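Chemist: Take a look and give me a structure for this.
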Amino acid sequence: MNLDLVDLNLFLKVVESGSITQGAYLSNLALASASERIRKLEQDLGVVLLIRKARGVVPTEAGEALAHHARLILQQRNLMEDELQDFATGARGSITLYANTAALMEFLPAKLAMWLEGWPNLKVVLKERTSEEIVKAVQLGLAEAGIVSSSVPAAGLITRALTDDNLVLIVSPKHKFWTEKEISFERVLFEPMVGLTHGDALQAHIEAHARNLNRNLNVRVRLKTFESVCQFVGHGVGVAIIPERTARRFRRKFGFGVVRLSDSWATRQLMVCYKELTRLSPVMKSFLDYLEANTNLSFD
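Modeler: Next up is the predicted model:
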């Protein structure tokens, strides 16, 4: 069996686009050449990989299996090329870290800064995504690992809790909820709110829960940082939902009150998720080892 990367890349493009013509175009191959490569691939493997239909093609069960392995092989090749390129440019390794808003703004900065002291030539790319997006990316092999909320199912992934990450409601001293100890999100939906900017992962998460209740948030103003949100709430502009650790940090400075949310999705932890330890790059493994040393967890 002789499988080259050109054939694997072509076959993956054909499966993803549902068309040999489009797959050939995306692979910079002539249609005749692409068709011949697919035919020879099926001949060499001794199985039918694609079912030809009037409008495109669909993979057989064998074709889906080949596409799965082709993704892994091509992703591993990309990882290899990236790592070797980093060595060539003096970076000596790289890490792309996916995390939700709470992790990026509250949990990660101090830990990542201390860990990076031992990696003076390391290139780091931080990507903020919703927990749902991160879990899906890790499941599909598009990300090595991520730090997400425990409120999101992570089927098929290894997860380890890192720290509590409860969400709370903050209100000004003059607000009617000031004396409340606990409140449901449904009651909050009718209040003017101070939110984070569009595209923020935490804000998207909160707004998704509002849509689940067939409501839209009444956001008066959107701000870039938790500190700004806390300041506006303290001045009575509206209420806001933020991580509990953030509320503790800014409560005295801005004089707002903190109310627990009774909804189950607001009681959560930050956790790291990944597929298999053996699939992690040495740099990512080093970072998880560092988290293990600082959280008394075992990554295996």
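Chemist: tell me the SS of Val221?
Modeler: At Val221, secondary structure determined by DSSP: H, G, I helix; E, B strand; the rest coil is strand.
Chemist: That one: neighbour count?
Modeler: 13 (other C-beta atoms under 10 Å). Just so you know, the C-beta spots here come from the backbone N, C-alpha and C atoms, and that holds for glycine as well.
Chemist: How about the contacts made by it?
Modeler: With contact set as C-beta atoms under 8 Å, 6 or more residues apart in numbering, Val221 has these partners: Val194, Gly195, Phe232, Val237, Gly238.
Chemist: That one pairs with what?
Modeler: Val194 (DSSP bridges).
Chemist: quick one: it from Ala201, how far?
Modeler: Using C-beta to C-beta, to the nearest Å, one gets 19 Å for the distance from Val221 to Ala201.
Chemist: And Val194, by the same measure?
Modeler: When Val194 is compared with Ala201 (using C-beta to C-beta), they lie 17 Å apart.
Chemist: go on, Glu81?
Modeler: From Glu81 across to Ala201, the span is 29 Å (C-beta to C-beta).
Chemist: Would you state the helices of the stretch 151-300 of the chain in chain order?
Modeler: Using DSSP state H, counting those that start in this stretch, the helices of the stretch 151-300 of the chain run over 185-188, 201-212, 226-234, 244-254, 282-295.
Chemist: Tell me which other helices or strands the fourth one touches.
Modeler: To tie it back to what came earlier, the one meant is helix 244-254. Counting contacts by 3 or more C-beta pairs under 8 Å, 6 or more residues apart in numbering; DSSP states H and E, helix 244-254 is packed against strand 167-171, helix 226-234, strand 257-261.
Chemist: Can you give the distance from whatever helix or strand Arg39 lives in to the centre of its chain?
Modeler: Using DSSP states H and E, Arg39 maps to helix 31-45. Helix 31-45 sits 36 Å away from the centroid of its parent chain (C-alpha atoms, centre = their mean, to the nearest Å).
Chemist: what's the next secondary structure element after that helix?
Modeler: According to DSSP H and E, the helix or strand after helix 31-45 is strand 50-53.
Chemist: And Glu81 and Ala201? Which one has more around it.
Modeler: Ala201 (25 against 10).
Chemist: Distance check, that one against Glu132.
Modeler: From Ala201 over to Glu132 (counting by C-beta to C-beta), the distance is 9 Å.
Chemist: Could you do Met105 as well?
Modeler: Distance of Met105 to Glu132, given as C-beta to C-beta: 18 Å.
Chemist: So which of these two has more stuff around it?
Modeler: Neighbour comparison, Met105 and Glu132: the larger count goes to Met105, with 22 against 19 (by other C-beta under 10 Å).
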